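[1] this one's sequence-less:
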Ligand SMILES: [Zn+2]
Ligand SMILES: [Zn+2]
């Protein structure tokens, strides 16, 4: 998902200097953590001009119908209850993709199809970690990080050095050789703290560490480990890496502060198998005038291999899909085509989004707008967009049509991982802004289950996505392209 | 702990009609769940008379010293980090008890000793549950209930019938034979919902069920199973019983609602070993005038065999112990003796409290007041007491001395499990009222770790306990005895 940063995004981040690691760097994730209707960084409200104001009645009709319906939640629950978590390469993901295609056909969507891509196939295997000193044997609750190498079958048993951040790691460089490094970095914002998950293993390996343990990147914990991708630096040895819970990280840190020597045995059965075929799943509401011009609504079908992948991101797929079904049910066929996409392999490869952009590069100019819902299908607050000044001016007016439901906020910088490659091709992109205050409680954990999403909030989000998609797909002119606006001034 | 209801208390409850199971029965636990300084059911404030008002300066001194000190949190963390969870019968508990005795001696407490009792020795063993139909194999996250019998080594594989409450269980009586019953009762209050944990297995067994699964008794869940004691009815077969997470209970309930047949394989390695010796740990600040008159401050040393038993109840031990140390440090020796007790075996037998009352029955009349802190060492709000009208009148005035720290509330009905047997002997008892709004998030789970308690809140609680203990131990006359007051009218 967007906030989890894809491996592709981590590549960029890893290359993009230390700026992102500065403790006080502004973090987009932090801005999104609003619990009220005030959205930090949102552009001030505008009054729609006559062209867009003319859509108010239609938008009201869309929203009124959306909020009466809890189908999105039910479908998300059925999907995730039936197939469970859906990591790229798994049989569960492929069965879930086939199920979606069959249901899209049942729904009467048009041009329903899978668009093939090859995806990586990393497998967790059995894993465990045990604290063997100082005082008692205790199982640690862990999740190997996505993409980690495994340990030897008997595991790695080594002393643990606990550090709070990369500065402390450097200061203790002389202590690290042959040890397991535990990075106990408290959660500040996802944008800042995820750096340790992405880069920690290779930073530790550079100093001779034999494995890396990470305090889970989590804004709350009930002994809850969080997985997520790491990125190995190709210039140093690949060492095994796993997330421990916030609680266990703090435990080991306290032990170190008491001067107690800490030893852990870490066993990870992780390994990589050859790439396997997968697919993006696609269905359409074909436009009445310009069927070759496209507005995308989307979410990603894959998840990490824990929990049920409900919040991240079956909910995003369900609300996007339901938005198209809703327009169809209301008989609202816009000028342009609305295409719903369920992406494959967002979490550990982003091959779905990349493959789509490559396969459709020739039609990139016909893509008018591409949304991905991947901030959790929570209560909608507005839309975050990456688009030109003139497109933003239009999108703000569209947002204003949603003022009645407190979802008028327009922020800059949005767009999910899977629409990123389209953005690179000049397509304006966006993602719903939502109340993500608990997002990093559940993200990439066994607690990511259907109950964490609310049927009424999802219904509202369906309304917001359907409204944006309909109006943008129906406006006389396509959204203007150009260099994305980056400042709210 | 108090709110977990001891097995002894469950016996009483089981016998005490269906009143407690009425959905709208008033529940003490619900009253305690206050997040503000308003304490439901608290008696109105009073102004202390001259005898008690004379203690205001001393109480202020106690509180001022208490809030500057985070030793209680540190000691709780060291205890629970070092020994982990401490179920009766475990080596960890006995080592922890010895550690406390050694530290009490280091602290210079007087008459430090272990008072022996025999305790039950139930062992969880290995356990697992797997959903094998309808659609995919999925491990369920479970904790066998305390005291459950085990399954055969290959487990029990059977269809699952999901019910929401005992009424539905009765309505579906004909479906239950040979099945696993899952009771998916949403949390209302601990007092109401815990009935299913206590009685569910035998109710299901009476209808021919082969095992019972329980939605964890939890006010919040992040895929968090909660253990706790059950009580078998001696007239029916003992069937294995385990808690599943709220999430997994809801999952299976949704599957049943979709008409999907559910099958689970449950394996529990639980078994009972012979009783073993344990002890209550005791230290004193001997009174300067009436050393044979006793005020008890206490918490329980044992815990369930999960997490670290920090909130339940190492924190309660730590604040009680620290309260005595604080008075000693301040040179405040009251007329009577203050005795700190760390009880053994609160959770699954209550033998510590029962053994103490039996051993000290002859001196029961010399016990002036007995407090147990077992609601979690959270921010203090006041004191809950079970005492006569005239004692309550005095205790309200003592509470009023804590108005400055918003801990003046006095409520009726308090007193932990371990001081219950003393209450039966006529001793006035009490327990601190705290902000327990998250108590049932962590209770009897792997998330019960030191970070769930706040050093500053614990320091305040030390102040409250020390103030009550000092004033009551120092008043010219002992607290009057008599039939406990039960109404705040
Ligand atoms: Zn996602
Ligand atoms: Zn307790």
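    Alright, I've got the coordinates. These numbers come from a predicted model, not from an experiment. Ligands and ions are numbered 1, 2, ... in the order given.
[2] okay, now the residue in the stretch 351-489 of chain A that ligand 2 sits nearest to: neighbour count?
    Closest approach between the stretch 351-489 of chain A and ligand 2, counting by CB to the ion: residue A:447, at 25.0 Å. Backbone N, C-alpha and C define where each C-beta goes, glycine included. Using other CB atoms under 10 Å in any protein chain shown, residue A:447 is surrounded by 27 other residues.
[3] wait, it sits on residue A:308?
    No. Residue A:447 is beyond contact range of residue A:308, at 9.6 Å (criterion: CB atoms under 8 Å).
[4] one step back: spell out the secondary structure type for the residue of the stretch 351-489 of chain A closest to ligand 2.
    coil (DSSP: H, G, I helix; E, B strand; the rest coil).
[5] next one: phi and psi at it?
    phi -90, psi 0 (degrees, to the nearest 10).
[6] what about the residue nearest to it when sequence neighbours are not counted, which SS state?
    Spatial nearest neighbour of residue A:447, excluding adjacent residues (CB to CB, 6 or more residues apart in numbering or on different chains): residue B:222 at 3.8 Å. Three-state call for residue B:222 (three-state DSSP): coil.
[7] Quick one, grab the pLDDT at residue B:222.
    On the pLDDT scale, residue B:222 is placed at 98.
[8] quick one, what contacts it?
    Residue B:222 makes contacts with A:221-222, A:224, A:441-442, A:445-447, B:447, as judged by CB atoms under 8 Å, 6 or more residues apart in numbering or on different chains.
[9] Same question for residue A:60.
    So residue A:60 contacts residue A:404 (CB under 8 Å, 6+ apart).
[10] Determine the next helix or strand in the C-terminal direction from whichever strand or helix holds it.
    Per DSSP states H and E: residue A:60 is located in helix A:56-67. For helix A:56-67, the succeeding helix or strand toward the C-terminus, using DSSP H and E, is helix A:71-83.
[11] For the residue in the stretch 101-250 of chain A positioned nearest to ligand 1, which non-adjacent residue is spatially closest?
    Taking CB to the ion, ligand 1 has its nearest neighbour within the stretch 101-250 of chain A at residue A:228, 10.1 Å off. What sits nearest to residue A:228 in space, not counting adjacent residues and going by CB to CB, 6+ apart, is residue A:444, at 4.8 Å.
[12] what's the answer for residue A:131, then?
    Using CB to CB, 6+ apart, the closest residue to residue A:131 is residue A:138 (4.5 Å).
[13] okay, now the one you found: neighbour count?
    Residue A:138: 17 neighbours (other CB under 10 Å).
[14] cool, and the one 5 residues further on?
    As a burial measure, residue A:143 scores 26 neighbours (other CB under 10 Å).
[15] That one should be in a strand, yeah?
    Yes. According to three-state DSSP, residue A:143 belongs to a strand.
[16] looking at chain A, which helix or strand does the model trust least?
    helix A:28-32 (a mean of 34; mean pLDDT, DSSP states H and E).
[17] who touches residue A:292 in this structure?
    Residue A:292 sits next to A:337, A:363, A:366 when contact means CB under 8 Å, 6+ apart.
[18] now do residue A:278
    Neighbouring residues of residue A:278 by CB under 8 Å, 6+ apart: A:88-89, A:93-94, A:97, A:116-119, A:344-345, A:351-352.
[19] Mind doing that once more with 10 Å?
    By CB atoms under 10 Å, 6 or more residues apart in numbering or on different chains, the residues touching residue A:278 are A:88-90, A:93-94, A:97, A:114-121, A:301-302, A:343-345, A:349, A:351-352, A:355.
[20] Please go through the residues you listed and note which also touch chain B.
    Near chain B, taking CB under 10 Å from any CB of the partner chain as the test, no member of the contacts of residue A:278 is found.
[21] Now restrict these to buried residues only.
    A:88-90, A:93-94, A:97, A:114-115, A:117-121, A:301-302, A:343-345, A:349, A:351-352, A:355 (16 or more other CB atoms under 10 Å in any protein chain shown).
[22] So which of those residues sit within helices?
    The members of those that map onto helices under DSSP state H are A:93-94, A:97, A:351-352, A:355.
[23] Apart from its chain neighbours, what residue comes closest to residue A:303?
    residue A:309 (2.4 Å).
[24] how about the residues of the stretch 201-350 of chain A that lie near ligand 1?
    Applying CB under 5 Å from the ion, we find that the stretch 201-350 of chain A lies next to ligand 1 at A:312-313.
[25] picking up where we left off before, the residue of the stretch 351-489 of chain A closest to ligand 2 against residue A:224, yeah?
    Yes. The pair residue A:447 / residue A:224 is scored as a contact, 5.8 Å apart, by CB atoms under 10 Å.
[26] Mutual contacts of the two, please.
    Residues touching both residue A:447 and residue A:224 by CB under 10 Å, 6+ apart: A:307, A:441, B:222-224.
[27] From these, list the ones also adjacent to ligand 2.
    Okay, of the shared contacts of residue A:447 and residue A:224, nothing touches ligand 2 (CB under 5 Å from the ion).
[28] would you turn those residues into TSV with distance to residue A:427?
    Listed next are the shared contacts of residue A:447 and residue A:224 as TSV, based on distance: CB to CB, whole Å:
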residue	distance to residue A:427
A:307	32
A:441	32
B:222	37
B:223	38
B:224	42
